[in-house]
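K.L.:
The following block contains a protein sequence and its predicted model.
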Amino acid sequence: MADVFISYHEKSAGELVAQIADALESVGISCWYAKRDIPSGGDFARYIPLQIDACKVFLLILNENAQNSRHIESELGLAFGRFNRKEQITILPFEIGDFKRESWIRYYLIHVQSVKFQSVEALVKKVGGILNIPGEIMPFSLSSQDVQVAKTVQRQMPPRKTIQSGNCGDNVAYVLSENGLLTIFGTGAMWSYDWNRKTGTANTPWWDIRAKISHVVIQSGVTSVAKYAFCNCINLNAVEMPDSITKIEVGAFDNCICLTNVIIPSHVMKIETGTFNGCVNLSDIQISDKVTKIEFGAFKDCKYLTNIIIPDSVTEIELGAFAGCTSLNIASVAAKTNVNSFSFPENVAVIRRKPAQPLANNKSGECGDNVTYTLVDGILTVSGAGLMRNYNFDEKTFSCNTPWWNVRKSISSVRIQDGVTSVGAFAFNSCANLSRVEIPDSITEICAEAFYRCGSLREVWIPDSVRFIRKFAFDESGLTEISIPKYAKTGWRTFPKGARVIRRA
């Protein structure tokens, strides 16, 4: 969940909000606003309350049009409820223009100090102060590299207060802090726990206070997520699992009703029975290409899951694996995968992907009006002058229309030559074995999802010429640290979660 929820009137303030979001996220402050972050066709009444309940700052862009919006009235009412219950939320109204406040606005904001909007930079400073990002580490006073270092230090500081701690494995321990963060650390496997059907309880050490858990971070070195470890953690909305995890056991996240997205670590071989059973708000699942089996009821009753890509590595999907996934429309599976006739609900379209064609020794063609490519022995060379073509992702076939899509897994290196000015949208999306990229000084823009899901890409140099790095450009790549130009604008989830982004002075 995001630190900042932005409430605003779309027609009169939509462009400004996009700028505000970019500015906040460029300094590491996550934010959420409806137009960008609710999936197409998504239910506003489901997404918005969850985000308001989890945010730390409710940022209200208050202009005259906002006073006539019933959506804003509802959003502010939810935030005010948290404020009135003395929960940890700050309501921050930024006023644009001169106007007389309506009575309902005066009621909700009677004890809240408003701020006159002056600039996006001033707004970012204000929000940073509320979130305890010290003024001296905001990018308007120090270099961006210093900003990132200071934030890293701040993240590593211990929580203010520990609610409970103890052991959860022979060499594994846990700490639950007052802010809802459960940290699990050590080496080796967690202990497995049991579910008592008569009492409806599990014997996890945090069972009695499980409602306090909102975020789980499992540190590198831990090798398993225990049986029933987080079952019925009804307020758990985020989980971070390292690549050291090799096993997620039965019912590990059963009935985690606030969990919305999950990334399966790269060394997990199977998704066991009931692992995500009853995670009704789970809408985004990323399954690694090491998983070979999805067991009975693994994703049962994930009611808001709309589509899923099953990697080629999966050879079997058991009976009822996705039973009760009533919003699931499409499942993309490999031709060789053994799918039980009752693995998915009856209405789901199961699309069988054809095996990738073997790489030809020589392949070439156009990828822009004046840009061409050649593909030889795994090396894709892009040359010419001007923009690369932007490509699209087809959600029905789960594929991109790039000319090298069918042989993308054979691409190990991309060389973009001087003269090319952009890296096209979705250009190298899902090139899983791409490990080397050369970007010349002529590039000014790296478009959306250009290197999305390039898991083998662990380093890349972004030249100073680049001014825009769009949303998801390097998300889910193998990057853990990257240096970017000082003034390059980044978008939503441009880089992998947890990656260290250093802005050069």
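P.N.:
That came through, no problem.
K.L.:
how about the helices in this structure?
P.N.:
Counting by DSSP state H, one finds helices in the chain at the ranges 10-26, 34-37, 44-54, 70-84, 103-108, 120-130, 144-156.
K.L.:
Mean confidence (pLDDT) on the last one, please.
P.N.:
When you say that, I think you mean helix 144-156. The average pLDDT within helix 144-156 is 38.
K.L.:
and the helices of the chain, which one's lowest on average pLDDT?
P.N.:
Among the helices of the chain, helix 144-156 carries the lowest mean pLDDT, a mean of 38.
K.L.:
mind giving me the domain ranges of the protein?
P.N.:
Domain segmentation of the chain under automatic domain parsing yields 4-156, 162-353, 362-503.
K.L.:
what separates the last one from the chain centre, distance-wise?
P.N.:
Using Cα atoms, centre = their mean, to the nearest Å, the distance from the centre of domain 362-503 to the centre of the chain it belongs to is 19 Å.
K.L.:
before we move on, what about stretch 287-298?
P.N.:
Distance of stretch 287-298 from the chain centroid (Cα atoms, centre = their mean) equals 20 Å.
K.L.:
Mind listing residues that contact it?
P.N.:
For stretch 287-298, the external contacting residues (Cβ atoms under 8 Å, 6 or more residues apart in numbering) are 264-277, 308-323, 432. Placement of C-beta: from N, CA and C, glycine included.
K.L.:
on that earlier part again, any chance of the helices of the chain in TSV, with distance to residue 162 and mean neighbour count too?
P.N.:
Converted to TSV, the helices of the chain look like this (distance: least, Cβ to Cβ, whole Å; neighbours: other Cβ atoms under 10 Å):
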stretch	distance to residue 162	mean neighbour count
helix 10-26	30	18
helix 34-37	33	16
helix 44-54	21	17
helix 70-84	24	17
helix 103-108	35	13
helix 120-130	24	17
helix 144-156	16	15
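K.L.:
Need these in JSON lines (columns: distance to residue 302).
P.N.:
Converted to JSON lines, the helices of the chain look like this (distance: least, Cβ to Cβ, whole Å):
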{"stretch": "helix 10-26", "distance to residue 302": "28"}
{"stretch": "helix 34-37", "distance to residue 302": "19"}
{"stretch": "helix 44-54", "distance to residue 302": "14"}
{"stretch": "helix 70-84", "distance to residue 302": "25"}
{"stretch": "helix 103-108", "distance to residue 302": "35"}
{"stretch": "helix 120-130", "distance to residue 302": "33"}
{"stretch": "helix 144-156", "distance to residue 302": "30"}
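K.L.:
Any idea which of those helices gets closest to residue 231?
P.N.:
Nearest of the helices of the chain to residue 231, taken as Cβ to Cβ: helix 44-54 at 19.9 Å.
K.L.:
What is the least confident helix or strand in this protein?
P.N.:
Across the helices and strands of the chain, mean pLDDT, DSSP states H and E gives its lowest value to helix 144-156, namely a mean of 38.
K.L.:
circling back: buried members of the contacts of stretch 287-298 into PyMOL, please.
P.N.:
This is the PyMOL syntax for the buried subset of these, where burial follows 16 or more other Cβ atoms under 10 Å:
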select buried, resi 264+265+266+268+270+271+272+273+274+275+276+277+308+309+310+311+312+314+317+318+320+321+322+323+432
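K.L.:
Got phi/psi on the residue of the chain most remote from its centre?
P.N.:
Most distant residue from the mean C-alpha position of the chain: residue 100, 39.5 Å away (Cα atoms, centre = their mean). Residue 100 adopts backbone torsions of phi -90, psi 130, taken as degrees, to the nearest 10.
K.L.:
What number of residues are in the vicinity of the closest residue to residue 312 other than its chain neighbours?
P.N.:
Among residues not flanking residue 312 along the chain, residue 334 sits closest, at 4.3 Å (Cβ to Cβ, 6 or more residues apart in numbering). The tally of other residues near residue 334 (other Cβ atoms under 10 Å) stands at 16.
K.L.:
and stretch 101-114, C-alpha only, in CSV?
P.N.:
C-alpha atoms of stretch 101-114 as CSV (Å, rounded to 0.1, in the frame of the first residue of the first chain):
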residue,chain,number,x,y,z
ARG,A,101,-15.6,26.6,1.2
GLU,A,102,-18.8,24.5,1.2
SER,A,103,-20.2,23.5,4.6
TRP,A,104,-19.2,19.9,4.3
ILE,A,105,-15.6,20.9,3.6
ARG,A,106,-15.6,23.2,6.6
TYR,A,107,-16.9,20.4,8.8
TYR,A,108,-14.2,17.9,7.9
LEU,A,109,-11.3,20.4,7.9
ILE,A,110,-12.2,22.4,11.0
HIS,A,111,-9.3,21.0,12.9
VAL,A,112,-7.0,20.6,9.9
GLN,A,113,-4.5,23.2,8.7
SER,A,114,-4.6,23.9,5.0
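K.L.:
Look up how far residue 377 lies from residue 92.
P.N.:
Relative to residue 377, residue 92 is positioned 56 Å away (Cβ to Cβ, to the nearest Å).
K.L.:
Among those two, which residue is more densely surrounded?
P.N.:
A count of neighbours by other Cβ under 10 Å puts residue 92 above the other of residue 92 and residue 377, at 21 against 10.
K.L.:
From residue 299, how far out is the spatially closest residue to residue 302 that is not a sequence neighbour?
P.N.:
Using Cβ to Cβ, 6+ apart and skipping the chain neighbours, the partner closest in space to residue 302 is residue 282 (4.5 Å). Plainly put, residue 282 is 7 Å away from residue 299 if you go by Cβ to Cβ.
K.L.:
joint contacts of those two?
P.N.:
Common neighbours of residue 282 and residue 299 (Cβ under 8 Å, 6+ apart) are 276, 305.
K.L.:
And those two? Which one has more around it.
P.N.:
residue 299 (26 against 23).
K.L.:
Could you check how far the more buried one is from residue 243?
P.N.:
Residue 299 is 22 Å from residue 243, by Cβ to Cβ.
K.L.:
What of residue 190?
P.N.:
Counting by Cβ to Cβ, the gap from residue 190 to residue 243 is 16 Å.
K.L.:
Of those two, which one has the most company?
P.N.:
The neighbour comparison of residue 190 against residue 243 (other Cβ under 10 Å) goes to residue 190, with 26 against 12.
K.L.:
Next, give phi and psi for the nearest residue to that one once chain neighbours are set aside.
P.N.:
Spatial nearest neighbour of residue 190, chain neighbours left out: residue 226 (3.8 Å); criterion: Cβ to Cβ, 6+ apart. Per-residue torsions, residue 226: phi -70, psi 160 (degrees, to the nearest 10).
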